[in-house]
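Q: coordinates only, sequence not included:
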C-alpha cells in the first residue's frame, strides 16, 4: 500500500468505492459522499469523483485573528449513479453492508453491482466457509465482520428466485473496505486481519480487503 506522499489526488471522473483514498484534507474541502480520517479524505460511496472550485470566506492575519477574505479552494465529492436494472450474476463483484452476524454467517444487503448503485438493496449471505479460501474450519465470523461494515464480495450463488444471494470474500481483494470502531469513529486498515480506530488507535479484528486506493494509518 502507498502512503499519501507517494500517491496524488484521485482525478475527476474516476470511479471509486467506499474506503478509496481521494486526497489530502489540506488540499480539499470534504464534499458529499466522502468522509475524513486522519486529515485525509476518503469515499463513502460507489460513484464518480467530482472536483469543484469553492470560495473559502475566512483567513487569518499575522495577529492570529480571523479576517474576512477569499481564498480559492476545491471541494472533492463522490456522486453515485443509481440503476433499476442492475442484477447480480454468479461472479459479479458487489458492495454490501453487514446487517447482522452469527457464528455461521453474516447477513448483508447488496448496495451496488460493480460500480452501479442499486436503488433498492438486495439480500445476501456470507457463510462461514466462504469468508476465506484457506483454513476455513478456523474462521471466526465475529472476528471477520461487524454490523455496519462495508464489504466487497463476489456472488457465488443466486439463491431461490434471485432473492437471497450467496456471497464470498475468499480472495485478497475481497472483504471489509470501510468500518466504524466500537467508539463510533472511522477505521483504517493496518494489516490483512486488523483495522485501527482513527481517534483512539485501538485495533479491531476484520477480514480486510486489499483496496487499490487505501492509505494505512500511521503507527503511533
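A: Cool, got the structure. Note that this is a predicted model, so its numbers are computed, not measured. Residues are numbered from 1 along each chain as shown.
Q: Can you show me the helices along the protein?
A: Using DSSP state H, no helices are found in the chain.
Q: lowest-confidence helix or strand of it?
A: Using mean pLDDT, DSSP states H and E, strand 66-79 stands out as the lowest-scoring helix or strand of the chain, at a mean of 66.
Q: Can you tell me what sits against stretch 10-20?
A: 21-23, 42-51, 76, 78, 95, 115, 150, 152, 177-178, 211-214 (Cβ atoms under 8 Å, 6 or more residues apart in numbering). For glycine as for every other residue, the C-beta is placed from the backbone atoms N, C-alpha and C.
Q: can you tell me the distance between the two ends of it?
A: Its start and end residues considered, stretch 10-20 measures 9 Å (Cα to Cα, to the nearest Å).
Q: Same check on stretch 126-135?
A: 16 Å.
Q: That one: how far from the chain's middle?
A: Computed by Cα atoms, centre = their mean, to the nearest Å, the separation of stretch 126-135 from the middle of its chain amounts to 21 Å.
Q: again with stretch 44-54
A: For stretch 44-54 - counting by Cα atoms, centre = their mean - the centre lies 15 Å from the chain centre.
Q: List the buried residues for that stretch?
A: 44-49, 51 (16 or more other Cβ atoms under 10 Å).
Q: Give the bridge partners for the closest residue to residue 195 other than its chain neighbours, please.
A: Of all residues not flanking residue 195 in the chain, residue 187 sits nearest, at 4.0 Å (Cβ to Cβ, 6 or more residues apart in numbering). Counting by DSSP bridges, residue 187 forms beta bridges with residue 179, residue 197.
Q: Same check on residue 204?
A: residue 195.
Q: Now do it, the pLDDT please.
A: On pLDDT, residue 204 comes in at 96.
Q: quick revisit: widest-spaced pair of the buried residues of stretch 44-54?
A: Using Cβ to Cβ, the pair of the buried residues of stretch 44-54 lying farthest apart is 46 and 51, separated by 17.8 Å.
Q: Report how many residues lie close to the nearest residue to residue 121 once chain neighbours are set aside.
A: Counting by Cβ to Cβ, 6+ apart, residue 109 is the residue found nearest to residue 121 once chain neighbours are left out, at 4.0 Å. By other Cβ atoms under 10 Å, the residues close to residue 109 number 15.
Q: Quick check, residue 109 in contact with residue 99.
A: Yes - counting by Cβ atoms under 8 Å, residue 99 is a contact partner of residue 109 at 6.0 Å.
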